[in-house]
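Novice: Provided below are the primary sequence and the corresponding predicted coordinates.
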Amino acid sequence: MVLSINPQNPQKRLITLVVECLRQGGVIVYPTDTTYGIGCDIFNKKGVKKIYQIKQRDPRKPFSFICADLSDASSYAQVSNFAFRTLKRNLPGPYTFVLEATRVVPDTLTTKQKTVGIRIPDDPIALAIVQELGHPLVTTSANISGDEPIHDPSLIYDILGKSIDMVVDGGVRMGDPSTVISLLDDKVEVLRQGSGDVSWIHQL
């Protein structure tokens with residue numbers, strides 16, 4: 001099923017349909033402020049397993065997830081005063097911040113070191129979905145692992161197959177994946193350069 005949603009002003013009734021799909025255990029493809037992502041409710045173990053299969057991804061590599069806001073993020077990650085200031089300065093935005101996980105996070109989404117990747121994208125559709133869902137949303141680029149991200153939602157089913165329960169069409173998204181930054185031990189380390197500018201790091 002393909003659902004076209006206004007990228008600037010998401011229609012509430014359509015967001016409700018997306019959330020109903022997620023609550024029923026569905027896996028969706030949806031737009032972010034960088035490119036399209038594949039996601040499910042982070043507490044849906046079957047959905048997480050299904051995304052690994054769709055992406056043909058190494059199960060030892062956990063996914064990041066989208067939170068609604070900084071308050072939400074602090075429920076799932078240990079946010080120090082330094083980390084809070086850094087997140088507040090850069091989010092919403094095209095970054096994934098790696099932090100120490102809290103006990104609330106499912107084991108399938110943490111590393112052996114018990115860290116997590118947190119996203120708060122600057123995208124009305126993604127934020128509307130996660131706000132109505134009431135839980136974070138798994139986020140990983142919509143592609144087969146190792147391939148280029150899919151920018152055009154009309155190609156999703158052709159490339160990823162019919163295992164996707166819903167495609168949320170918010171228009172073509174031509175961005176690179178998010179920039180991944182570790183804030184562990186209050187030290188800033190760029191793990192992957194992507195869409196997000198990192199020049200601000202030198203000003204810390």
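Specialist: Thanks, I have it. Residues are numbered from 1 along each chain as shown.

Novice: Closest to the centroid, which residue in the protein?
Specialist: The centre of the chain sits closest to Thr139, judged by C-alpha atoms, centre = their mean, with a distance of 2.8 Å.

Novice: Contacts only, for that one.
Specialist: The neighbours of Thr139, taking C-beta atoms under 8 Å, 6 or more residues apart in numbering as the test, are Thr32, Gly37, Ile38, Gly39, Phe63, Ser64, Phe65, Ile66, Arg119, Pro121. To be clear about C-beta, it is placed using only N, CA and C from the backbone, and glycine gets the same treatment.

Novice: Bridge partners for it, pull those for me.
Specialist: Ser64 (DSSP bridges).

Novice: So for stretch 28-48, first residue to last residue, what's the gap.
Specialist: End-to-end distance of stretch 28-48 (C-alpha to C-alpha, to the nearest Å): 11 Å.

Novice: do stretch 11-30 as well
Specialist: End-to-end distance for stretch 11-30: 15 Å, by C-alpha to C-alpha.

Novice: Might you list the low-confidence residue ranges for the protein?
Specialist: Residue ranges of the chain with pLDDT under 70: none are present.

Novice: Okay, strands next: where are they in the chain?
Specialist: 2-4, 28-31, 36-39, 64-66, 95-100, 115-119, 137-141, 166-169, 179-182, 189-192 (DSSP state E).

Novice: With distance to Gln11 as extra columns, can I get these in CSV?
Specialist: Shown next, in CSV, are the strands of the chain (distance: least, C-beta to C-beta, whole Å):
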stretch, distance to Gln11
strand 2-4, 10
strand 28-31, 14
strand 36-39, 19
strand 64-66, 20
strand 95-100, 28
strand 115-119, 23
strand 137-141, 18
strand 166-169, 11
strand 179-182, 30
strand 189-192, 34
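
Novice: Buried deepest among the ones you listed, which one?
Specialist: strand 36-39 (a mean of 29; mean count of other C-beta atoms under 10 Å).

Novice: What is it packed up against?
Specialist: Applying 3 or more C-beta pairs under 8 Å, 6 or more residues apart in numbering; DSSP states H and E, we find strand 36-39 packed against strand 28-31, helix 45-55, strand 64-66, strand 137-141.

Novice: can you list contacts of that strand?
Specialist: Here strand 36-39 has contacts from 22, 27-31, 51, 54-55, 65-66, 126, 137-142, 149-151, 153, 156, 160, 164, 173, using C-beta under 8 Å, 6+ apart.
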